[in-house]
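> Predicted model and sequence follow; I will ask about them next.
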Amino acid sequence: MNYEKIEKNILEFLRDYLATSGAKGFVLGLSGGLDSAVVATLCAKIAPTHALLMPTRLSNKANLADALRLAKTLGLNYKIIDISNILESFCAANELSKQQKLRYGNLCARVRMCLLYDYSSEHALLVVGTSNKSERLLGYGTIFGDMACALNPIGELFKSEIFEFADFLGVDKAIINKAPSADLWENQSDESELGYSYKELDGALDFILKGLGNSRISKGEILGGEILSDKIPSAGILEFCKKRMKNNAFKLNTPAIAKVPRN
């Protein structure tokens, strides 16, 4: 990967989109994780960039410290908002238990996005997304939550490429070296939850995408699991990726709108 060229293209994308929008700058949720660190680093090179740090009582305090340090290093306008009271109020009203991890995690993501869009409206900023290509293809994100945004500068980079890109950009090693986590509940781990490492997942996803674009390999052969590659450790991970891609494809589409006949 030519990360120097990739950085140039992304910076042009950010600059052009901002100029067209008429907004004053960018805002994103800064978690202390890798993806948001890369996005913040890129945005800060183009325009005034704001960051909301939105922990809960269950959040890893080390992540908050990393996010805070990065915000200060990049000179971001930042604000810390503990969303615990918002979550607890919603849980009480909707009889939602923290043990219902999927629902609770989705709620966390949507509360954060509500705050980001409200902040963006107040300050005339663009909400910038931080979902990478691996997450988008696998549907590993919350629709209208962390997957919502006005623009996404890293949506075509696999997670394994984000690690390399972050190193190229000079992101803090403490952020690069930590285990990927959405930090939605205590000790939450992306790779443990998915069941595979991002390196394994990205190899399978890349193979599926390239295979589907190869006219010599039929879609049926790939989806039937008949085509395998040395880069893919097992047919199991191929099937896992195909199933998630199929089941979560709706997250990448705009809402369906019924056609109405007119005379």
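On my side now, so go ahead. Residues are numbered from 1 along each chain as shown.
> Strands of the protein, residue ranges please.
In the chain, the strands defined using DSSP state E lie at 25-29, 49-53, 77-80, 125-127.
> Redo the ones you listed as CSV? Include distance to residue 90.
Yep, even glycine has a C-beta here, placed from its N, CA and C like the rest. CSV is the format used below for the strands of the chain (distance: least, C-beta to C-beta, whole Å):
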stretch, distance to residue 90
strand 25-29, 18
strand 49-53, 18
strand 77-80, 20
strand 125-127, 21
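> Nearest to residue 70, out of those?
Comparing the strands of the chain by their distance to residue 70 (C-beta to C-beta), the top pick is strand 49-53, with 8.3 Å.
> Work out the sheet partners of that closest one and label each with its direction, please.
Applying DSSP bridges, strand 49-53 is found paired with strand 25-29 (parallel), strand 77-80 (parallel).
> hmm, back to that, I'd like the strands of the chain laid out as a markdown table, including distance to residue 65, mean neighbour count and mean pLDDT.
As requested, the strands of the chain are exported to a markdown table (distance: least, C-beta to C-beta, whole Å; neighbours: other C-beta atoms under 10 Å; pLDDT from 0 to 100):
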| stretch | distance to residue 65 | mean neighbour count | mean pLDDT |
| --- | --- | --- | --- |
| strand 25-29 | 16 | 25 | 98 |
| strand 49-53 | 10 | 25 | 98 |
| strand 77-80 | 11 | 16 | 98 |
| strand 125-127 | 24 | 23 | 98 |
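> show me what contacts the spatially most central residue of the chain?
In the chain, the residue lying closest to the centroid (C-alpha atoms, centre = their mean) is residue 131, at 1.9 Å. Counting by C-beta atoms under 8 Å, 6 or more residues apart in numbering, residue 131 touches 35, 141, 146-147, 149, 152, 154-155.
> swap in residue 142?
Going by C-beta under 8 Å, 6+ apart, residue 142 touches 105-106, 109-110.
> redo that, cut-off 7 Å
By C-beta atoms under 7 Å, 6 or more residues apart in numbering, residue 142 lies in contact with 106, 109-110.
> measure it to residue 12 for me?
29 Å (C-beta to C-beta, to the nearest Å).
> Of all the strands of the chain, which one comes closest to residue 161?
strand 25-29 (19.3 Å).
> I'd like to check the angle between the lengthiest helix in the chain and strand 25-29, please.
Assignment by DSSP state H gives helix 101-123 as the longest helix of the chain. In terms of direction (axes from the mean of the first three to the mean of the last three C-alpha atoms, to 10 degrees), helix 101-123 departs from strand 25-29 by 160 degrees.
> Buried residues in helix 101-123, which are they?
Of all the residues in helix 101-123, those buried under the rule 16 or more other C-beta atoms under 10 Å are 104-113, 115-117, 119-120.
> Show residues contacting it.
Here helix 101-123 has contacts from 24, 27, 29, 50, 52, 54, 56, 81, 83, 86-87, 90, 96, 98, 126-127, 142, 144-146, 148, 184-185, using C-beta under 7 Å, 6+ apart.
> Residue 256: how many residues sit nearby?
For residue 256, the neighbour count with other C-beta atoms under 10 Å is 7.
> Please report how far it lies from residue 29.
Distance of residue 256 to residue 29, given as C-beta to C-beta: 28 Å.
> how much space between the closest residue to residue 86 other than its chain neighbours and residue 84?
Using C-beta to C-beta, 6 or more residues apart in numbering and skipping the chain neighbours, the partner closest in space to residue 86 is residue 111 (5.4 Å). Computed as C-beta to C-beta, the residue 111 to residue 84 distance reads 10 Å.
> Now do the shared contacts for the two.
With contacts taken as C-beta under 7 Å, 6+ apart, residue 111 and residue 84 have no neighbour in common.
> out of the buried residues of helix 101-123, which one sits closest to residue 262?
When those are ranked by distance to residue 262 (C-beta to C-beta), residue 117 comes first, at 33.4 Å.
> Mind pulling the model confidence for the closest one?
For residue 117, the pLDDT comes out at 98.
> about what we covered before: now the contacts of residue 131 in a markdown table, with distance to residue 260, pLDDT and neighbour count?
Output for the contacts of residue 131, formatted as a markdown table (distance: C-beta to C-beta, whole Å; pLDDT from 0 to 100; neighbours: other C-beta atoms under 10 Å):
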| residue | distance to residue 260 | pLDDT | neighbour count |
| --- | --- | --- | --- |
| 35 | 40 | 97 | 23 |
| 141 | 32 | 95 | 20 |
| 146 | 33 | 96 | 27 |
| 147 | 28 | 96 | 22 |
| 149 | 30 | 98 | 20 |
| 152 | 31 | 98 | 19 |
| 154 | 38 | 98 | 26 |
| 155 | 32 | 97 | 16 |
